[in-house]
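Novice: Structure, please.
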Amino acid sequence: MRRALAQAAAGMSALWLAACAGTVRPTAPAGTETPAARAAWQAQQTALARLGTFALRGRLAKTGFGGFSGELSWIQDGSHFEVHFYGPLGVGAVAIDGEPGQVNIRTKDGSYETDAPEQLMQDKLGWSLPVDGLRYWVLGLPAPGTTPQLRLNPEGLLQSMDQEGWHLDYLEYQTADGYRLPRKFTLSDAQRSFRVVIDQWSLAP
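Specialist: Numbers count the residues shown, from 1 in each chain. A predicted model of the protein is given here:
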């Protein structure tokens, strides 16, 4: 399954985002969610919860002091994930793969195994991503565990969310294989801020 997804992610054929021309920008102010929006959100969560397997390609930028940008790919197959980030000409390349509780991180300086990927990334790279939560946040879903604070747009999609010390703003959505999925969002905590743009999705049946 992972091999098939990797080929799909690398190929980027015409199957990618056949319907991505329609995008929406969430604009609803806080506290204005209608019953229809809340019902749509329940349906959205139910649909996305079935997506245990997906692949995406896009761009990641760290904003603010020490900022950088590069290309991002993510393959999720059940609990197993593979994430690759590399800047222009491969500068700053890092690969992360594994499952919750056992993660491998590979950089130009070596390979490391850890159950605390954020701390290891910070120590080795000088920056880190919330890998465990991001697996859900890229789909526009809250992560299991801590209770999030949510704001919905009129279509019942996430407009913003606070969870596990991170604030996320969903700026644009796209349609892929009949699902409404994020195209552009930002995430930040007290020390870090990132911008993510997802150019291409692949969803396994």
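Novice: can we go C-alpha only for contacts and neighbour counts from here?
Specialist: Fine.
Novice: quick one: contacts for the residue most central in space within the chain?
Specialist: Nearest to the geometric centre of the chain sits Val138, at 2.4 Å (Cα atoms, centre = their mean). Listed by Cα atoms under 8 Å, 6 or more residues apart in numbering, the contact set of Val138 reads Pro182.
Novice: what ranges do the strands span in the protein?
Specialist: Ranges of strands within the chain are 53-62, 68-77, 80-86, 94-99, 102-107, 110-114, 149-152, 158-163, 166-176, 179-188, 193-203, based on DSSP state E.
Novice: quick one: contacts of the fourth one?
Specialist: The set of residues external to strand 94-99 that reach it, using Cα under 8 Å, 6+ apart, is 79-86, 103-108.
Novice: how about low-confidence regions in this structure?
Specialist: Within the chain, the stretches with pLDDT under 70 are 1-32, 89-91, 205.
Novice: what's the longest helix in it?
Specialist: helix 35-49 (DSSP state H).
Novice: Kindly calculate the angle that it makes with strand 158-163.
Specialist: 70 degrees (axes from the mean of the first three to the mean of the last three Cα atoms, to 10 degrees).
Novice: Can you give me the separation between the closest residue to Glu113 other than its chain neighbours and Asp77?
Specialist: Nearest non-adjacent residue to Glu113, counting by Cα to Cα, 6 or more residues apart in numbering: Asn104, 4.4 Å away. To Asp77, Asn104 is 16 Å away according to Cα to Cα, to the nearest Å.
Novice: what's the answer for Met161, then?
Specialist: Met161 is 25 Å from Asp77, by Cα to Cα.
Novice: Between the two, which is the more surrounded one?
Specialist: Between Met161 and Asp77, Met161 has the larger neighbour count (other Cα atoms under 10 Å), namely 20 against 17.
Novice: wait, what's in contact with the more buried one?
Specialist: So Met161 contacts 142, 148-151, 167-169 (Cα under 8 Å, 6+ apart).
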